[in-house]
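**Q** Here you go, sequence then predicted model.
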Amino acid sequence: MTGQWRRVLALLWSISPRQILAVTAASLATALLPAAQVFLTALTVQSVADALTSPAAADRGALRAGACLAALLVAGHLLGVLHANQEALLRSRLPDVLTLRIMAKAGRLTLGQFEEPDTYDNLQRATREAAFRPLQVFTGMLTVVSAALSFLAVATVLLRESIAMAAAICLAPVPAALAGLWFSRRTHAAHHAQAEGRRTLTYLEHLLTNDRTYKETRLFNLVPLLLDRSRRLTDDFHATNRRIENGQARWTALLGLLSTGTTAAAVLLAVRSALHTGQVGALAGYVAGVAVIQAAVSALFTSGVQLYENGLFLRHLFGFLDMPEPAVREGTLALPPVLSKGIEFREVTFTYPGQREPVLDGVSFTVPAGARAALVGSNGAGKSTLIKLLTRFYEPTGGTILIDGRPLSDYSLQGLREGIGAIFQDYQEYEAPVRENIGFGKPALLDDDGRIREAAHRVGALAFLDTLPEGIDTRLGRWFPGGRQLSGGQWQKVALARALVGEAPVLILDEPTAAIDAAAEADILDVLRTVGTGATSLLVAHRFSAVRTADHIVVLDAGRVLEQGSHEQLMESGGRYASLFGLQAAGYR
Ligand SMILES: Nc1ncnc2c1ncn2[C@@H]1O[C@H](COP(=O)(O)OP(=O)(O)OP(=O)(O)O)[C@@H](O)[C@H]1O
């Protein structure tokens, strides 16, 4: 636990040492004010009482004490403003800094980690906690230290009166504080148990609040169903939280009576003593002091409990930031501008983490340099998985993938990925200008209008992009004001331009023309045929119109290579390819 508190301090210190010092100094100085106030209250009241009986002697003293008390109030006010201001600055900055760290961490995780449900739980909890927990821990620490300081300072002023009573006042809140600790653990355990439900709720919320899910959810009348599921989840959360909160309130009320009863008794004793001695100043100081001590002790315990609870929750944030980042074995090579030998899959076997059955089993084939290979096979045959291995999002469990005769691990990850242009099945539609939608394929070209327009031209997108009000600087999508929405096929052309803009030596085209009209598809296939830069390409497609012109076709079935060769060779051999081709061709007749 203390390790987490240290990390919070280090984190805040890294954001702004000045603000941390200012908040700490203001807190500690404020903590010393009550002792001075108690002392001056006693002095002022006694001086006034003395002045009433013998005015000449005590008038000046009473005024001086009153002036000091007033100065103390002004100091308290100014320290309060300074404290609030510096804390507000920290509060506004901290969530952003943490969000950036969470984003940076997420950027270093592997695809495998992202495909684990636990990662989403951790990510969601971390994001939720980042906004406020660390600052609460810091202010909690300050409150504990300040309350202890206040308590000690006031106690030294008051202890003279009655040690036994001071001890009783201090110990009375302990039972309520212990109950608080117990309920903190229950709250934390309940939140932990709700993690999956909360994730489901986030997903349901996403389904109802997203333009991409609008059509299906409304057409299939899913709104009442999704709302009902969400309501049942939130009712469950609420019932659990209510049980805990009400239990805590009952115990706090009961055990809190101990401490308020003790304070009341202390005040009554002090009144009785003043009646005997006539020391009204001491009585005033005592009453003020008892109130301060009780507030300090209860702040000490309440903040201690909150500190403990926040510490439990902080584990989620630091747990996510500490997630292991599996080291990828990488070399130093970069892909050359044009391959000389090509790509070879040699006896590649792969099983997804946590699964038992391999999805690829001894896959071997070669794409010679500059050739266009096509992967075909039924849904789930393993085509996209092969691409995830080529891009090193996963590592094969057996066999090797070679580019230009060298295993992928001889290349640096960056060097390899910079050498691959790709359009994936689930390509992104960036809510950003056309320039970025295409330029993201090679960020170094973001300002190169010529290359961006050339890529758009090659995929037949330039004509419609030129009709946009600000040309390639027009924002696409509907999330931001002024954004232009494209049709599905237009978005796919833009994604294809993104794959081509870097003129990478390796080109991956996973269903690149699925949403594109027949005339445009023919044009694009022509472009892909004459990519011209000598790229070695791997095409995944279900439409044989796209496949038949490939130099080499690999037919996958349940993770194995069933047959391979050119279109003509495969048609001649009369195997699976020929029969599938026949089926599709029949559909057009
Ligand atoms: N992240 C994953 N974890 C576990 N299994 C997976 C994962 N991704 C895919 N699979 C499984 O691996 C197999 C191959 O999937 P893959 O996506 O490679 O097929 P595909 O040939 O590209 O299919 P499609 O033509 O439908 O795109 C399928 O059985 C699929 O269920």
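**A** Arrived safely. Residues are numbered from 1 along each chain as shown.
**Q** Neighbours of residue 38, how many?
**A** For residue 38, the count of nearby residues is 24 (other C-beta atoms under 10 Å). For every residue, glycine as well, the C-beta is placed using N, CA and C.
**Q** Isn't it up against residue 154?
**A** Yes. In this structure, residue 38 is within contact of residue 154 by C-beta atoms under 8 Å, at 5.6 Å.
**Q** got any residues that touch both of these two?
**A** 289, 292 (C-beta atoms under 8 Å, 6 or more residues apart in numbering).
**Q** Secondary structure element for the closest residue to residue 26 other than its chain neighbours, which one?
**A** Distances taken as C-beta to C-beta, 6 or more residues apart in numbering place residue 83 nearest to residue 26, at 3.8 Å, with adjacent residues excluded. Element membership for residue 83, per DSSP states H and E: helix 55-108.
**Q** so what does that helix touch, helix or strand wise?
**A** helix 2-15, helix 17-53, helix 117-130, helix 133-158, helix 280-321 (3 or more C-beta pairs under 8 Å, 6 or more residues apart in numbering; DSSP states H and E).
**Q** Can you name the residues that contact residue 434?
**A** 452, 456, 465, 468, 471, 472, 473, 474, 476, 494.
**Q** Can you flag which of those residues belong to strands?
**A** Among the contacts of residue 434, no residue falls in strands (DSSP state E).
**Q** of all those, which comes closest to residue 263?
**A** In terms of C-beta to C-beta, no member of the contacts of residue 434 lies closer to residue 263 than residue 476, at 66.3 Å.
**Q** Neighbours of the closest one, how many?
**A** That count, for residue 476 with other C-beta under 10 Å as the rule, works out to 23.
**Q** what's it in contact with, if anything?
**A** If you count contacts by C-beta under 8 Å, 6+ apart, then residue 476 has 429-434, 437, 483-486, 491, 494 around it.
**Q** So residue 460: helix, strand or coil?
**A** What DSSP: H, G, I helix; E, B strand; the rest coil gives for residue 460 is coil.
**Q** where's it relative to the ligand, distance?
**A** Remark: distance between residue 460 and the ligand (C-beta to the nearest ligand atom, to the nearest Å) = 25 Å.
**Q** got the angle between the helix or strand containing residue 250 and helix 280-321?
**A** Here residue 250, judged by DSSP H and E, is contained in helix 223-277. For helix 223-277 against helix 280-321, the angle by axes from the mean of the first three to the mean of the last three C-alpha atoms, to 10 degrees is 150 degrees.
**Q** What helices and strands are in contact with helix 223-277?
**A** Packed next to helix 223-277, using 3+ C-beta pairs under 8 Å, 6+ apart, are helix 163-171, helix 174-193, helix 195-208, helix 280-321.
**Q** Would you single out the least confident of the ones you listed?
**A** Among those, helix 163-171 carries the lowest mean pLDDT, a mean of 70.
**Q** Just the pLDDT at the residue in the stretch 101-250 of the chain that the ligand sits nearest to, thanks.
**A** As assessed by C-beta to the nearest ligand atom, the ligand sits closest to residue 115 within the stretch 101-250 of the chain, at 4.3 Å. Residue 115 carries a pLDDT value of 81.
**Q** residue contacts, it?
**A** residue 352.
**Q** That one and residue 408, how far apart?
**A** 20 Å (C-beta to C-beta, to the nearest Å).
**Q** ok, so of the contacts of residue 434, who is nearest residue 294?
**A** residue 476 (62.4 Å).
**Q** and that closest one, what pLDDT?
**A** At residue 476, pLDDT is 92.
**Q** got it, and residue 57?
**A** 58.
**Q** who in the stretch 351-500 of the chain is up against the ligand?
**A** Residues of the stretch 351-500 of the chain that fall close to the ligand, judged by C-beta under 6 Å from any ligand atom: 352, 355, 359, 377, 379, 380, 381, 382, 383, 384, 385.
**Q** quick one, helices of the stretch 451-589 of the chain?
**A** 462-466, 488-501, 518-529, 544-547, 567-573, 576-588 (DSSP state H, counting those that start in this stretch).
**Q** Packed most tightly, which of those helices would that be?
**A** A comparison of these by mean neighbour count, using mean count of other C-beta atoms under 10 Å, puts helix 488-501 on top with a mean of 23.
**Q** Give me the residues contacting it.
**A** 421-423, 427-429, 434, 437-442, 445, 451-452, 454-456, 458-461, 464-465, 476, 486, 507-509, 512-517, 520, 524, 531.
**Q** how close does the residue of the stretch 201-350 of the chain found nearest the ligand get to residue 85?
**A** As assessed by C-beta to the nearest ligand atom, the ligand sits closest to residue 350 within the stretch 201-350 of the chain, at 8.8 Å. Remark: distance between residue 350 and residue 85 (C-beta to C-beta) = 57 Å.
**Q** same deal with residue 259?
**A** 33 Å.
**Q** Please say which of the two ends up with more neighbours.
**A** Using other C-beta under 10 Å as the criterion, residue 259 and residue 85 rank with residue 259 on top: 23 against 13.
**Q** Which residue comes closest to the more buried one once chain neighbours are left out?
**A** That would be residue 172: by C-beta to C-beta, 6+ apart, it lies 3.7 Å from residue 259.
**Q** Spit out the contact partners of that neighbour.
**A** 258, 259, 261, 262, 263, 297.
**Q** May I have the phi/psi pair for it?
**A** When read as degrees, to the nearest 10, the backbone of residue 172 gives phi -60, psi -40.
**Q** do you know how far it is from residue 583?
**A** From residue 172 over to residue 583 (counting by C-beta to C-beta), the distance is 84 Å.
**Q** try residue 101
**A** 53 Å.
**Q** ditto for residue 132
**A** The value you get for residue 132 to residue 583, if C-beta to C-beta is used, is 59 Å.
**Q** same deal with residue 69?
**A** Counting by C-beta to C-beta - residue 69 and residue 583 are separated by 96 Å.
**Q** Pull out the buried residues from the contacts of residue 172.
**A** 258, 259, 262, 263, 297 (16 or more other C-beta atoms under 10 Å).
**Q** Distance to residue 17 added to these, as JSON lines?
**A** Output for the buried ones among the contacts of residue 172, formatted as JSON lines (distance: C-beta to C-beta, whole Å):
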{"residue": "258", "distance to residue 17": "42"}
{"residue": "259", "distance to residue 17": "38"}
{"residue": "262", "distance to residue 17": "42"}
{"residue": "263", "distance to residue 17": "40"}
{"residue": "297", "distance to residue 17": "31"}
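**Q** The ligand contacts on the chain?
**A** Near the ligand, when you scan the chain using C-beta under 6 Å from any ligand atom, you find 115, 352, 355, 359, 377, 379, 380, 381, 382, 383, 384, 385.
**Q** Any chance of a markdown table for the residues you listed, columns distance to residue 16 and secondary structure?
**A** Supplementary listing: the residues of the chain next to the ligand in a markdown table, determined by distance: C-beta to C-beta, whole Å; DSSP: H, G, I helix; E, B strand; the rest coil:
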| residue | distance to residue 16 | secondary structure |
| --- | --- | --- |
| 115 | 37 | coil |
| 352 | 44 | coil |
| 355 | 47 | coil |
| 359 | 50 | coil |
| 377 | 57 | coil |
| 379 | 54 | coil |
| 380 | 53 | coil |
| 381 | 55 | coil |
| 382 | 52 | coil |
| 383 | 51 | helix |
| 384 | 46 | helix |
| 385 | 47 | helix |
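**Q** Of those, which qualify as buried by neighbour count?
**A** For the residues of the chain next to the ligand, buried by 16+ other C-beta under 10 Å: 352, 359, 377, 381, 382, 383, 384, 385.
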